[in-house]
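Enquirer: Sequence and predicted model, in that order:
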Amino acid sequence: ARDVIGGKVSAWQDADGDTIETGLHIFFGAYPNMMNLFQELGIEDRLQWKAHRMTFAMPQLPGEFTSFDFPDGVPAPLNMAAAILGNTEMLSLLDKVRM
């Protein structure tokens, strides 16, 4: 546990006196109001987008991980289908067909 209360929305001052905010756990580019706010504030060019990836521990291989990579430019839920089909480490073809 940290000595800062608030969890995913906590804020504190670092050693330099700068305020650090944990902020939102996650947000997506599909949230139009959030994107409009970033544009209105003039900070949309300062966002650091990360690849849309879900990483899982593989139960059959303790200590090993695999990822499902969601392709850019593919709308949901098709991007999730592509991520599932593209993973060859966790799900067999039969597992994918059963979904």
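Expert: Arrived safely.
Enquirer: The worst-scoring helix or strand of the chain on mean pLDDT pairs with which strands?
Expert: Lowest on mean pLDDT, DSSP states H and E among the helices and strands of the chain sits strand 19-21, with a mean of 75. According to DSSP bridges, strand 19-21 has the following sheet partners: strand 11-13 (antiparallel).
Enquirer: Buried residues in stretch 61-70, which are they?
Expert: 68, 70 (16 or more other CB atoms under 10 Å). Placement of C-beta: from N, CA and C, glycine included.
Enquirer: That one: end-to-end distance?
Expert: 23 Å (CA to CA, to the nearest Å).
Enquirer: Could you do stretch 42-49 as well?
Expert: 16 Å.
Enquirer: Flag the shaky bits of this structure, pLDDT-wise.
Expert: 1-2, 6-9, 22-30 (pLDDT under 70).
Enquirer: Spell out the residue ranges of the strands in it.
Expert: 11-13, 19-21, 53-57, 65-69 (DSSP state E).
Enquirer: Output the third one as CSV, restricted to C-alpha atoms.
Expert: The C-alpha coordinates for strand 53-57 follow below in CSV (Å, rounded to 0.1, in the frame of the first residue of the first chain):
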residue,chain,number,x,y,z
ARG,A,53,-2.8,-4.2,-26.0
MET,A,54,-4.1,-6.6,-23.4
THR,A,55,-1.5,-8.8,-21.7
PHE,A,56,-2.3,-12.0,-19.9
ALA,A,57,-0.4,-14.5,-17.8
